[in-house]
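Q: only the shape, not the letters, is given here:
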């Protein structure tokens, strides 16, 4: 029998909320099959089974928040012998509290850990928050100096930031950072982190949103709905959203979704152009070798595995980001924070309109074939609305490929707080002089839009020349 | 497979790849990628679906023969 536990979906995660079971007892599951959706401080994440078998018992109910390592379900593995499960039903109820105790016991120990070494040159709050927390705080418009950290050593956690953001939405001037009194409404409004972030972005007052998730949890869709539907009371930026959505009550949910998505993009791009001093570089890259290598490979490969040029270009961009790390990360608090790994955001247009930029994690480490299959998978899931939460929050640099639309040169807009955006045009045949002879060769124009606060043109140029060099040796990628 | 059947098979696969596309408005000689706004991944899915449908491997070198509904129908009709 295999235990399905609350996974640690990030270094800073110590508990998670089970949002939804995608299976029921008796269901057959394969290894790697998504069986549950778990909400963490970061995002709603689809969680896969590490065992193959049939679901025996679901122990934790949707809506429950439990520590990492808590038994969520048991899976009867196939071909694992005929041993009958020994545990009586009551043990299920006992196991969760045990896990809770363990976690509770673990916390004081964690607090004993020495705080990270302070650097005198940094603002005072820096040592108590990580770059990603600052990133989140910036997105939500939260001033970290005013946030009370509840993590180990007073570190500010995601929960602290989101709590501060929602507190700001309902100001309580006298006790801005204290926990709410016990006399407050019995159950604190449950809001998924994605929904909370979205609400902040769209200026939606969460107190007026009705949750349709388990136990009344406010989900992303509820916020989008609230943003697009005229509400009785509203302030700030939501006014425009509501006005625009108020054309008629018949506006479909698809239209509402489009509008909300447009507004998120609008806000982000306006901020980018307002705050980021962009500089632009371009380089025309000879793809003769890359295309020849790709065609050779594709002759051997099954249709399902074939590579398209975009996969090679993405691979080159990812490796270039690894080699020129100054372009891979975030500009937050007046300084650059390098990304932990190259998570390549890919701008994907949705059929019917809209844009999402999920990330391919650790893209520089993936062989082109693997990158290709991830790309296909990501595009398919983006277009069917089945992205995993982490994919939408992790990009350290983004690529936009407009080649399929016939565009040759892309002047991109950086996704804040990232510091670079790579634009890829169409692969076209152009006359190219090589050794004094002119011949027709396939070329692509790669552009880089970069944040001049974080880097200078010299660094940007190095990025593009690295991409070009990589594409001259496709067999080594 | 005759031309008629080939066209139907192609339209069926296109319907899966681009569910929102209006295939009735598609001219037989129009470029499929342009008319249906297929990107390179969509086109690959189209090839994949078609290959499955006719039970034969379709090579990259043959992609140009699949550029329009008319040319693709002629190409497929000789197979599957």
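A: Here it is on my side, so go on. Computed from a prediction, not measured in an experiment: that's the story for all the values here.
Q: how about the residues of the stretch 151-300 of chain A that lie near chain B?
A: For the stretch 151-300 of chain A, the residues in contact with chain B (Cβ under 8 Å from any Cβ of the partner chain) are A:295, A:298-299. Where you see a C-beta, it was placed from the backbone N, CA and C, and this is true even at glycine.
Q: most neighbours among these, which one is it?
A: When neighbours are counted by other Cβ atoms under 10 Å in any protein chain shown, residue A:298 leads those with 19 neighbours.
Q: which SSE is that one in?
A: Following DSSP states H and E, one finds residue A:298 within helix A:288-300.
Q: please name every helix or strand in contact with that helix.
A: Contact here means 3 or more Cβ pairs under 8 Å, 6 or more residues apart in numbering or on different chains; DSSP states H and E; on that basis helix A:288-300 packs against helix A:309-323, strand A:437-451, helix A:457-472.
Q: pick the most deeply packed of the ones you listed.
A: Among the helices and strands packed on helix A:288-300, ranked by average contacts under mean count of other Cβ atoms under 10 Å in any protein chain shown, first place goes to helix A:309-323 (a mean of 25).
Q: in stretch A:275-286, what's buried?
A: A:276, A:278, A:280-286 (16 or more other Cβ atoms under 10 Å in any protein chain shown).
Q: least confident secondary structure element in chain B?
A: Across the helices and strands of chain B, mean pLDDT, DSSP states H and E gives its lowest value to helix B:32-36, namely a mean of 88.
Q: how far does that one sit from the chain's center?
A: 10 Å (Cα atoms, centre = their mean, to the nearest Å).
Q: can you pull up the most central residue in chain B?
A: Centroid-nearest residue in chain B, with Cα atoms, centre = their mean: residue B:10, separated by 4.4 Å.
Q: then it would be within a helix, right?
A: Yes. Assessed by DSSP: H, G, I helix; E, B strand; the rest coil, residue B:10 belongs to a helix.
Q: against chain A, how distant is it?
A: Plainly put, residue B:10 is 15 Å away from chain A if you go by Cβ to the nearest Cβ, to the nearest Å.
Q: how about that residue: what's its closest non-neighbour residue?
A: In this structure, residue B:10 finds its nearest non-sequential neighbour in residue B:72, 5.3 Å apart by Cβ to Cβ, 6 or more residues apart in numbering or on different chains.
Q: does that neighbour touch residue B:11 like I think?
A: No. The criterion here is Cβ atoms under 8 Å, and residue B:72 misses it with residue B:11 at 10.0 Å.
Q: which bits of chain B sit near chain A?
A: Counting by Cβ under 8 Å from any Cβ, chain B sits next to chain A at B:18-20, B:33, B:37-41, B:44, B:47-48, B:51, B:57-60.
Q: may I ask which helix or strand of chain A has the lowest mean pLDDT?
A: helix A:238-245 (a mean of 36).
Q: list the buried residues in the next helix or strand after that one.
A: Later in the chain than helix A:238-245, the nearest helix or strand by DSSP H and E is helix A:253-275. With burial defined by 16+ other Cβ under 10 Å, the residues of helix A:253-275 counted as buried are A:256-261, A:263-265, A:268, A:272.
Q: which one of those sits closest to residue A:137?
A: residue A:268 (15.9 Å; Cβ to Cβ).
Q: SS state for residue A:454?
A: Of the three states, residue A:454 takes coil under three-state DSSP.
Q: and residue A:281, by the same measure?
A: Note that with three-state DSSP, the state of residue A:281 is strand.
Q: so how far is chain B from it?
A: 25 Å.
Q: gap between that residue and residue B:41?
A: 27 Å (Cβ to Cβ, to the nearest Å).
Q: mean confidence score for the helix or strand hosting residue A:377?
A: Using DSSP H and E, residue A:377 falls within helix A:368-384. Average pLDDT, helix A:368-384: 89.
Q: check residue A:201 and give its pLDDT.
A: pLDDT, residue A:201: 61.
Q: now swap in the one 4 residues further on and tell me
A: We have a pLDDT of 73 for residue A:205.
Q: so what pairs up with residue A:344 in the strands?
A: residue A:360, residue A:397 (DSSP bridges).
Q: how about the helices in chain B?
A: With helices called from DSSP state H, chain B shows them at B:3-17, B:32-36, B:40-54, B:69-77.
Q: which elements pack onto the last one?
A: Taking 3+ Cβ pairs under 8 Å, 6+ apart as contact, the helices and strands that helix B:69-77 lies on are helix B:3-17, helix B:40-54.
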